[in-house]
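> sequence plus the predicted model coming up.
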2 protein chains.
Amino acid sequence: MENTRSGCPISATLDLVGDRWSLIILRDMMNGKRRYSEFLASPEQITTNVLADRLGQMERHGLVEKTTYQMRPKRYEYAPSEMGRALLPVLQQMSLWANHYVPGTWVPPEQFMKRRIAFGRPHDGGGE
Amino acid sequence: MENTRSGCPISATLDLVGDRWSLIILRDMMNGKRRYSEFLASPEQITTNVLADRLGQMERHGLVEKTTYQMRPKRYEYAPSEMGRALLPVLQQMSLWANHYVPGTWVPPEQFMKRRIAFGRPHDGGGE
DNA sequence: AATTACACTTGTGACTTGCAAGTGACTATT
DNA sequence: AATAGTCACTTGCAAGTCACAAGTGTAATT
């Protein structure tokens, strides 16, 4: 999941977030979660090594920004970048789709579904 | 990638199509491709075993319908079901996002981006 | 000094993927 | 009639990714 398979925008998106976990973490961030332990607490039960790996990957790709929220002991928090936040419409469409076609899925809160994002000017993903 | 991790519609969607290939195959189907050899010919270069596996998985999950288009020798074609076609908005949003944020991605044809789908009545995914 | 909290890292085995080659049913060509 | 070709796969194996459990480093708390 590192370099790009083709110029197709769909495959490019999947090369960045086309796995079982990245968009779950982004979803949590959109809902205000910021810390490692908060992501671990989600019902999908991501494991610690995969979480650390995905956070690092998304940071390298410019989807997530890592900041130190406390020195001594050093503690970090993770927030979605503009590029990361701009994936909200993808998450919203997935939600609408699953609510229609996958029985038993819950309906997300209005504040999640109604939120609108605005694209900023494009920037380079800052690949590794 | 088989049973559901939580009731979250995003995680449910990812449980069905959250891998590197399923949505690429669906994209090809949305663009009219129907046959095994056509999917293999795409620039992303899926391998034969993964293609066979994903087609079977998506068929079992009700995203794809397999029909025999010729007896003697038996030949099959794969078309997206309504459930599969309903993922178009997800693909469109991914395209918009990548065109904005991932340099070098091509812009999909208008007929792909402008197409609109209508949700039918919900139906059960037809688990395996 | 021992315990707790947070944010990870490491080790191991199981599962999934990529790559290459082979198979079976037929059709077309020589 | 034998050979070659097409299509839609299947099989085998090595390499990569994942889940699960345990351990590490820094510092505050008791």
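Arrived safely. Since we're looking at a predicted model, the values are computed, not measured.
> gap between the most far-flung residue of chain A relative to its centre and A:Ala79?
Here chain A reaches farthest from its C-alpha mean at A:Arg72, the gap being 28.0 Å by CA atoms, centre = their mean. The gap separating A:Arg72 from A:Ala79 is 22 Å, by CB to CB, to the nearest Å. C-beta coordinates here come from the backbone N, C-alpha and C atoms, glycine included.
> could you do A:Arg34 as well?
Distance from A:Arg34 to A:Ala79, by CB to CB: 6 Å.
> ok, now A:Asn31?
12 Å.
> who in chain A is up against DNA strand D?
A:1, A:19-21, A:45-50, A:53, A:72-74 (CB under 7 Å from any atom of the strand).
> can you do 10 Å?
A:1-2, A:18-22, A:44-54, A:57, A:70-75 (CB under 10 Å from any atom of the strand).
> which of those are buried?
Neighbour-count burial (16 or more other CB atoms under 10 Å in any protein chain shown) applied to these gives A:18-22, A:44, A:46, A:51, A:54, A:57.
> looking at the residues you listed, which is nearest DNA strand D?
Nearest to DNA strand D among those is A:Asp19, at 4.8 Å by CB to the nearest atom of the strand.
> which of the residues of chain A next to DNA strand D fall within helices?
Of the positions in these, A:22, A:48-54, A:57 sit in helices, assigned by DSSP state H.
> CSV for those residues, including pLDDT and distance to B:Leu63?
CSV is the format used below for those (pLDDT from 0 to 100; distance: CB to CB, whole Å):
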residue, pLDDT, distance to B:Leu63
A:Ser22, 96, 21
A:Thr48, 94, 32
A:Asn49, 94, 31
A:Val50, 95, 26
A:Leu51, 95, 29
A:Ala52, 95, 32
A:Asp53, 95, 28
A:Arg54, 95, 25
A:Gln57, 94, 27
